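In: requesting a structural model of the entry that follows:
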Amino acid sequence: MNPWCSIAYWENRTRVGRMFPVMSDFVNIFYELPHGDGFCLGHLQTESRSENVIRTRTKIGYGLVLSKELDGVWIYNRSNYALFINSPTLDDPQSRTLTVVKVLPGFSIKAFDYTLAEILEVTRKEPDVPVGPTDPNSLRISFVKGWGGRYTRQLITSCPCWVEIILSVPSR
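Out: Below is the predicted model:
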């Protein structure tokens with residue numbers, strides 16, 4: 001059985017730890033979770049951490065649940081702080097700007113829509129549509145801190161703590 005996705009944890013521009021393959025239909029991504037199983041960010045060690053990263057890591061708490069459903073990939077925010085999410089299926093395909101969606105504590109979002117992803121795949125192959133440097137199978141989720149046009153952080157690599165979800169492409 002192959003994983004349906006893999007998770008990479010980042011602190012600013014530095015990846016910390018190994019890729020975490022996900023086999024079950026859902027996974028908890030958290031800093032601390034009583035009796036929790038899944039991807040525990042609190043156990044990942046690195047040589048040095050800035051004060052900003054240390055403060056942000058402690059705010060992750062129960063984190064999020066990443067769930068593969070029939071219609072797409074859902075994210076449930078279990079933290080006491082907001083999550084900031086970017087996905088190819090959340091972006092406006094006619095816009096050149098990046099869409100980052102804020103998900104408040106206790107809320108959820110369909111972060112990747114399988115049907116829309118298939119439509120976008122077809123339109124990307126048409127020569128009239130401009131193609132940018134995007135990964136059509138990757139989600140980015142920042143804990144606590146936002147990025148993009150509305151924030152001082154323009155790039156996710158400026159966020160202290162974030163995860164990259166790399167979806168496995170089904171064989172055709």
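In: could you report the neighbour count for the closest residue to Gly42 other than its chain neighbours?
Out: In space, Gly42 comes closest to Tyr31 once its chain neighbours are excluded; the distance is 4.6 Å by C-beta to C-beta, 6 or more residues apart in numbering. In this view, the C-beta of every residue, glycine as well, is placed from N, C-alpha and C. Burial measure for Tyr31: 21 neighbouring residues, criterion other C-beta atoms under 10 Å.
In: okay, now the unreliable bits of the chain?
Out: Applying pLDDT under 70 to the chain flags residues 93-96, 123-134, 170-172.
In: report the longest strand in it, please.
Out: Secondary structure of the chain read by DSSP state E shows that its longest strand is strand 14-22.
In: now do the strands in the chain.
Out: Going by DSSP E, the chain shows strands at 5-11, 14-22, 26-30, 39-40, 64-68, 72-77, 83-86, 101-103, 108-113, 138-143, 162-167.
In: among those strands, which comes closest to Tyr151?
Out: Proximity to Tyr151, assessed across the strands of the chain by C-beta to C-beta, is greatest for strand 83-86 (8.5 Å).
In: neighbouring strands of that closest one in the sheet, and parallel or not?
Out: Paired neighbours of strand 83-86 in the sheet (DSSP bridges): strand 101-103 (antiparallel), strand 138-143 (antiparallel).
In: related to what we said a few turns ago, of the strands of the chain, which is nearest Ser50?
Out: For Ser50, the closest of the strands of the chain is strand 5-11, at 8.0 Å, according to C-beta to C-beta.
In: so the closest one versus strand 162-167, what angle?
Out: For strand 5-11 against strand 162-167, the angle by axes from the mean of the first three to the mean of the last three C-alpha atoms, to 10 degrees is 160 degrees.
In: nice, that's everything, thank you.
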